[in-house]
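J.: Return atomic coordinates for the entry below.
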Amino acid sequence: MPISDWFKAREQRRYTTPTAVPTADVPDGVWVRCEGCKRTLYMGDLERSEMVCPSCGKHHDITAPERLAMLLDEGSFVEADAGMRSTDPLDFTSGKAYVDQIAAAEERTGLNEGFISGTAAIGGHAVVVGAMDFRFIGASMGSVVGEKITRAFERALQLRTPLVLVTASGGARMQEGMLSLMQMAKTSAAAARLAEARVPYIAILTNPTMGGVTASFATLADVLIAEPGALIGFAGPRVVEQTIRKTLPKGFQSAEALLANGMIDMVVDRRELAATVGSLLAYLGSGDE
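T.: The predicted model follows:
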């Protein structure tokens, strides 16, 4: 297009801050395009709003460490099972060797696996807490992730301390075959033992929570919270459409649709999660009552 039209379009573009874009090259990470409203946002503003778009409310993806920092009382987190790492029991290769996928994920994220857990406090209430990190092979639930989640349940049971888990996963880690599928039963059994002991369990479902994670421990909590717009389900919408050969309704498997149909208890803005979970913990007690 003519250069005059380009300048006109740039002048009409709306930003979240009143300052103009510098004429010099802008470093990567300073500006980001919102997937919801398609506006260009200043990264500093987005970070100050906990990665929630100030224009449309779109909840952008965050890492497990960022999640824990937003949710927990400052300085209260003590990590557990930090040294656990996945192996390659099947010597699996499909385009790329599984061991290479693990190594690349470790280098990219700085994590040993797709799940971080430990003890902490939320609003002054002691909790056992865990969060999944989608950057690590889609936070898929392999043997190590399943074991760490099970240990979080067992730790909550031993301490009689409420458990708070944040999910974000593509489901089972099929590079580990049946060993991965077994984690569904393993984590579900651990959730059942915690429920029998009447120790509170709160799950926070974020985008996306799919597959075997949804079909196991993620939806067995006493209170199910979801972030706005989160995709939650077993099979993805495209697979469901291909299976039933029908067009799905708009918003199928969204947090809002699940709330309307009774699958979850509440949809809570990320900026209000810490306060909401703190209130729930005060109401539910520690499990000793």
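J.: From now on I want contacts and neighbour counts done on CA atoms only, so please keep to that.
T.: Noted.
J.: Helices along the stretch 1-150 of the chain, start to end?
T.: Shown for the stretch 1-150 of the chain, the helices assigned by DSSP state H, counting those that start in this stretch span residues 3-12, 43-48, 64-71, 98-109, 143-159.
J.: so can I have JSON lines of the ones you listed showing mean pLDDT and mean neighbour count?
T.: Formatted as JSON lines, the helices of the stretch 1-150 of the chain follow (pLDDT from 0 to 100; neighbours: other Cα atoms under 10 Å):
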{"stretch": "helix 3-12", "mean pLDDT": "46", "mean neighbour count": "9"}
{"stretch": "helix 43-48", "mean pLDDT": "92", "mean neighbour count": "14"}
{"stretch": "helix 64-71", "mean pLDDT": "97", "mean neighbour count": "18"}
{"stretch": "helix 98-109", "mean pLDDT": "96", "mean neighbour count": "15"}
{"stretch": "helix 143-159", "mean pLDDT": "98", "mean neighbour count": "22"}
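J.: Report pLDDT for residue 270.
T.: If you check residue 270, the pLDDT there is 97.
J.: Help me confirm that residue 205 comes into contact with residue 132.
T.: No: counting by Cα atoms under 8 Å, residue 205 does not reach residue 132; the two are 10.2 Å apart.
J.: what do the two both touch?
T.: Taking Cα atoms under 8 Å, 6 or more residues apart in numbering as the contact rule, residue 205 and residue 132 both touch 166, 167, 168.
J.: Which of those sits closest to residue 281?
T.: residue 166 (15.2 Å; Cα to Cα).
J.: which ones are touching the residue nearest to residue 148 when sequence neighbours are not counted?
T.: Counting by Cα to Cα, 6 or more residues apart in numbering, residue 148 lies nearest to residue 81, which is 6.9 Å off, once chain neighbours are set aside. Applying Cα under 8 Å, 6+ apart, we find residue 81 in contact with 117, 118, 148.
J.: Switch those residues over to CSV; also include distance to residue 269.
T.: Output for the contacts of residue 81, formatted as CSV (distance: Cα to Cα, whole Å):
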residue, distance to residue 269
117, 23
118, 24
148, 27
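J.: re the thing from before, could the helices of the stretch 1-150 of the chain be laid out in a markdown table, adding distance to residue 33?
T.: Putting these into a markdown table (distance: least, Cα to Cα, whole Å) gives the following:
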| stretch | distance to residue 33 |
| --- | --- |
| helix 3-12 | 15 |
| helix 43-48 | 9 |
| helix 64-71 | 20 |
| helix 98-109 | 22 |
| helix 143-159 | 32 |
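J.: What's the end-to-end length of stretch 210-230?
T.: End-to-end distance for stretch 210-230, by Cα to Cα, to the nearest Å: 10 Å.
J.: Which of the residues in it are classified as buried?
T.: For stretch 210-230, the buried set under the neighbour-count rule, 16 or more other Cα atoms under 10 Å, comprises 210-221, 223-230.
J.: Now, those residues that are in helices?
T.: 211, 212, 213, 214 (DSSP state H).
J.: okay but the first one is in contact with residue 234, surely?
T.: Yes: under the contact definition of Cα under 8 Å, residue 211 touches residue 234, with a separation of 4.1 Å.
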